[in-house]
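Trainee: Let me see the structure of the following:
(4 chains)
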Protein chains: 2
Amino acid sequence: MPRTKAGGDRRSERRSDLLEAAQRAMAEHGAGVRLNQVAEEAGLTSGAILYHYPDLQDLLIDANRAGMERFYDERMKALDGVDDPAERLVITIRSGLPVDDDDEEVRLLCALGGEAARNTVYAVLLTSLFDRQVAMYQSILEMGRAQGAFTLANDSLSIARNLVALEDAYGYRIMAGHPSLDHGATAELILDYARLATTHPLAKES
Amino acid sequence: MPRTKAGGDRRSERRSDLLEAAQRAMAEHGAGVRLNQVAEEAGLTSGAILYHYPDLQDLLIDANRAGMERFYDERMKALDGVDDPAERLVITIRSGLPVDDDDEEVRLLCALGGEAARNTVYAVLLTSLFDRQVAMYQSILEMGRAQGAFTLANDSLSIARNLVALEDAYGYRIMAGHPSLDHGATAELILDYARLATTHPLAKES
DNA sequence: TCCCGTCCTGAATCCAAATTCAACAAGATT
DNA sequence: AATCTTGTTGAATTTGGATTCAGGACGGGA
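Mentor: Take a look at the predicted model:
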């Protein structure tokens, strides 16, 4: 098998190039993205794409899976070295919202969300992302409760689900360019709920 | 101008037929719906559609506008004759969620939401729907406060925005067929928040 | 060096959808 | 009854993307 100096095989390197190209193309053109648009994004011809992925649908599914994975990983990484549950909660809320309406990662997720109502595969992917994010919040909430910092107003599963739901919805609003809802305003709205649900002040500067 | 027995002109009757056909077609096929698919839904040929709407985009925009209008009107109608703010709040929460994952009205809104991140016109339409729904909740919250039934934990605008956001997000979850989130479960999750925000018990049976 | 497998291009072909339009049906108007 | 208007079809044409494939570049191994 042909390998690069660094030791990776060329095939899987090229594939991950294609995944990124497909992510960009789908973020820009939506779920109905054309083969040629992916090819252009990759700097190749459509034949080359077909060589690696005979079925465009497979590529798009892999691309979305990879995109969701990256989104989730980045959020986890943002928590590195933070121990205080209140701080973890605030950071997590902020990292779930798009920075602005140009955020490509979230644009991809929005396209996916619209498609999931009609496409079972995308629905499964997004449902699993939702549940993983819920678990992430839930563990933060439980940790805060165990340490006595949070007094939860409902079961942690319900609160976690509402937090993820708020994030999701405000992500769409930001991407749609709502005139008075930006990253800061929506983070504050979600924090309003988090304060009610945890009975913790969750200071702005943490 | 040619008229029917009932007095409406044929042109606008046909147009509203087309709007409904376009709504069904877009709910089924997504934002990338084809002219032929709309025509089939309408029981006509593509030429006939083009006769009324030379540009498919215009038809789709009108169809979505009409769909959003209907959605909003139905929610208002569900409040007819209900005076108690707590009841109004519960009814409004329930009427904002799809009944199940086959709800065509919400399927259309989901398709629209995914597209809004890339299409300014759709973004404007959805933003305006969001804001109208916020206003609807806000008036209920203010009425409840005026009557002494609600003690709001935050300003009514913030609470109203969070309520609409929760609705939106759970609508997507239900349409994606989340295994444990159905109409009843999500309504209860939103009610959990509403109880915290209003300090009102909002009984299940109202 | 020569060969071989991998990866990719560009042209040819295929196909589905959009678009155009002459013709016609059916009411409405005179 | 004759004519006009509106709405529609179905066939012809155009368009644009998908698919196929022969050929070529390039690097690695003999």
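Trainee: Any part of the helix or strand hosting residue A:64 near DNA strand C?
Mentor: Assessed by DSSP states H and E, residue A:64 sits inside helix A:56-78. No: judged by Cβ under 7 Å from any atom of the strand, helix A:56-78 makes no contact with DNA strand C; its nearest approach is 12.7 Å. Any C-beta I mention is one placed from the backbone N, CA and C, and that applies to glycine too.
Trainee: Which positions within that helix qualify as buried?
Mentor: For helix A:56-78, burial by neighbour count (16 or more other Cβ atoms under 10 Å in any protein chain shown) applies to A:56, A:59-64, A:66-68, A:71, A:75.
Trainee: Excluding chain neighbours, what is closest to the residue nearest the centre of chain A?
Mentor: Nearest to the mean C-alpha position of chain A, counting by Cα atoms, centre = their mean, stands residue A:71 at 3.9 Å. Among residues not flanking residue A:71 along the chain, residue A:105 sits closest, at 5.6 Å (Cβ to Cβ, 6 or more residues apart in numbering or on different chains).
Trainee: do you know how far that neighbour is from residue B:79?
Mentor: Distance of residue A:105 to residue B:79, computed by Cβ to Cβ, to the nearest Å: 39 Å.
Trainee: same deal with residue A:186?
Mentor: 27 Å.
Trainee: Residue A:179 too?
Mentor: Applying Cβ to Cβ to residue A:179 and residue B:79 gives a distance of 27 Å.
Trainee: between these two, which one's more packed in?
Mentor: residue B:79 (16 against 7; other Cβ atoms under 10 Å in any protein chain shown).
Trainee: mind checking which helix or strand the closest residue to that one other than its chain neighbours is in?
Mentor: Spatial nearest neighbour of residue B:79, chain neighbours left out: residue B:88 (5.6 Å); criterion: Cβ to Cβ, 6+ apart. Using DSSP H and E, residue B:88 sits in helix B:85-95.
Trainee: And the average pLDDT for the following helix or strand past that helix is what?
Mentor: Using DSSP H and E, the helix or strand that follows helix B:85-95 in sequence is helix B:104-116. When pLDDT is averaged along helix B:104-116, the result is 98.
Trainee: got it, and stretch A:86-98?
Mentor: Per-residue scores along stretch A:86-98 average to 98.
Trainee: Same question for stretch A:178-186.
Mentor: For stretch A:178-186, mean pLDDT is 98.
Trainee: is chain B contacted by that stretch?
Mentor: Yes: Stretch A:178-186 reaches chain B (Cβ under 8 Å from any Cβ of the partner chain) through A:178-179, A:181.
Trainee: what sits up against that stretch?
Mentor: Residues from elsewhere that reach stretch A:178-186 (Cβ atoms under 8 Å, 6 or more residues apart in numbering or on different chains): A:94, A:97-100, A:170, A:173-174, A:189, B:127, B:130, B:161.
Trainee: Now do the end-to-end distance for it.
Mentor: 11 Å (Cα to Cα, to the nearest Å).
Trainee: Next: stretch A:72-92.
Mentor: Stretch A:72-92: ends 11 Å apart by Cα to Cα.
Trainee: chain center to it: distance?
Mentor: How far stretch A:72-92 lies from its chain's middle: 15 Å, per Cα atoms, centre = their mean, to the nearest Å.
Trainee: how close does the closest residue to chain B within chain A sit to residue B:188?
Mentor: Proximity of chain A to chain B (Cβ to the nearest Cβ) peaks at residue A:114, 1.6 Å away. According to Cβ to Cβ, residue A:114 and residue B:188 sit 26 Å apart.
Trainee: Which helix runs longest in chain A?
Mentor: helix A:120-146 (DSSP state H).
Trainee: What residues sit buried inside that helix?
Mentor: For helix A:120-146, by 16+ other Cβ under 10 Å, it's A:122-123, A:125-127, A:129-131, A:133-134, A:136-138, A:140-144.
Trainee: same for the next helix or strand after that helix, what does it pack against?
Mentor: Where DSSP H and E defines the elements, the next helix or strand beyond helix A:120-146 is helix A:156-175. Counting contacts by 3 or more Cβ pairs under 8 Å, 6 or more residues apart in numbering or on different chains; DSSP states H and E, helix A:156-175 is packed against helix A:104-116, helix A:120-146, helix A:183-198, helix B:104-116, helix B:120-146, helix B:156-175, helix B:183-198.
Trainee: run the last query once more with 6 Å
Mentor: Packing partners of helix A:156-175 (3 or more Cβ pairs under 6 Å, 6 or more residues apart in numbering or on different chains; DSSP states H and E): helix A:104-116, helix A:120-146, helix A:183-198, helix B:156-175, helix B:183-198.
Trainee: can you redo those as a markdown table with distance to DNA strand D?
Mentor: Below are the helices and strands packed on helix A:156-175 laid out as a markdown table (distance: least, Cβ to the nearest atom of the strand, whole Å):
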| stretch | distance to DNA strand D |
| --- | --- |
| helix A:104-116 | 16 |
| helix A:120-146 | 18 |
| helix A:183-198 | 35 |
| helix B:156-175 | 26 |
| helix B:183-198 | 37 |
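Trainee: I'd like to know which of those helices is closest to DNA strand C.
Mentor: Of all the helices and strands packed on helix A:156-175, it is helix A:104-116 that lies closest to DNA strand C, at 17.9 Å by Cβ to the nearest atom of the strand.
Trainee: Residue numbers of chain A in contact with DNA strand C?
Mentor: A:2, A:10-11, A:14, A:43-45, A:47-48, A:51-52.
Trainee: how about a cut-off of 10 Å?
Mentor: Residues of chain A lying near DNA strand C by Cβ under 10 Å from any atom of the strand: A:1-2, A:9-15, A:17-18, A:39, A:42-52.
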